[in-house]
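> no sequence on this one, just coordinates:
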């Protein structure tokens, strides 16, 4: 089992729709979770971090965390073509003191 | 403006050669990281450093080495390049936000390395 798993996609959504990106992780003791966005040929950039169960909203982005289910998600409301990118879930693994990235989900927003 | 830079941006080398990739940050961050990114694997940690003279192995450290002689630089050396090391390499540094578990990592632009 991979430490951090994401569906590779691509996930295709129409412009204006809600895009839902999901991530599961193996370390039950993990406390810190991050979503990075990576455009093709570019470096990853942080979108959101979340540490507590529940929802955290920042503009059109909402991160959701459920530690009991070891599940973290990212919702993008009113999706725009400029949101088309690969979204990387990253989890701080307590047992190894390291940040582990998932393989990423490709999102395509169709205009 | 503070930034993190990598050089070269593209490199082609031959099997068996020693290669050094440079990473320089001007944020005065204590923490620096090297990752490689391959299709289907996401970002995998090669080496990291939490300060001058501190270096640690990541999950894919075989064939790589780093040294940290100052705060700004963490060069990555491939001792004897292999075709399996063809990849995109990213350097990152982190802003301490209450411990490494909550740090935001900022990434350099990447180096695309091809080993023939």
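Good, I have the coordinates. All of these numbers come straight from a predicted model, not from anything done at the bench. Residues are numbered from 1 along each chain as shown, chains lettered A, B, ... in the order given.
> skip the chain neighbours and tell me the closest residue to the spatially most central residue of chain B.
Of all residues in chain B, the one closest to the mean position by C-alpha atoms, centre = their mean is residue B:34, 2.5 Å from it. The shortest distance from residue B:34 to any non-neighbouring residue, by C-beta to C-beta, 6 or more residues apart in numbering or on different chains, is to residue B:46 (4.3 Å). Heads up, the C-betas are built off the backbone N, CA and C, glycines and all.
> now that neighbour: which helix or strand?
If you go by DSSP states H and E, residue B:46 is part of strand B:42-51.
> partner strands of the following helix or strand past that strand, parallel or antiparallel?
For strand B:42-51, the following helix or strand on the C-terminal side (DSSP H and E) is strand B:54-57. Paired neighbours of strand B:54-57 in the sheet (DSSP bridges): strand B:42-51 (antiparallel).
> on that earlier part again, any idea how far chain A is from the residue nearest to residue B:34?
Residue B:46 is 12 Å from chain A, where distance means C-beta to the nearest C-beta, to the nearest Å.
> pLDDT value on that residue, please?
On the pLDDT scale, residue B:46 is placed at 96.
> need the contact list for it.
Neighbour list for residue B:46: B:34, B:35, B:36, B:58, B:60, B:61, B:64, B:66, B:76, B:89 [criterion: C-beta atoms under 8 Å, 6 or more residues apart in numbering or on different chains].
> switch the cut-off to 10 Å
By C-beta atoms under 10 Å, 6 or more residues apart in numbering or on different chains, the contact set of residue B:46 is B:33-36, B:57-66, B:76, B:78, B:85, B:87, B:89-91.
> can you check residue B:37 too?
By C-beta under 10 Å, 6+ apart, the residues touching residue B:37 are A:38, A:43-44, A:88, A:101, A:103-104, B:43-44, B:87-90, B:110, B:112.
> let's see that with 6 Å instead.
Taking C-beta atoms under 6 Å, 6 or more residues apart in numbering or on different chains, we find residue B:37 in contact with B:43, B:88.
> and it, bridged to which residues?
Following DSSP bridges, residue B:37 is listed with bridge partners residue B:43, residue B:88.
> before we move on, what about residue A:86?
residue A:38, residue A:106.
> can I assume it is in contact with residue A:37?
No: contact criterion C-beta atoms under 6 Å: residue A:86 and residue A:37 do not qualify, at 7.5 Å.
> kind regards, and thank you for your time.
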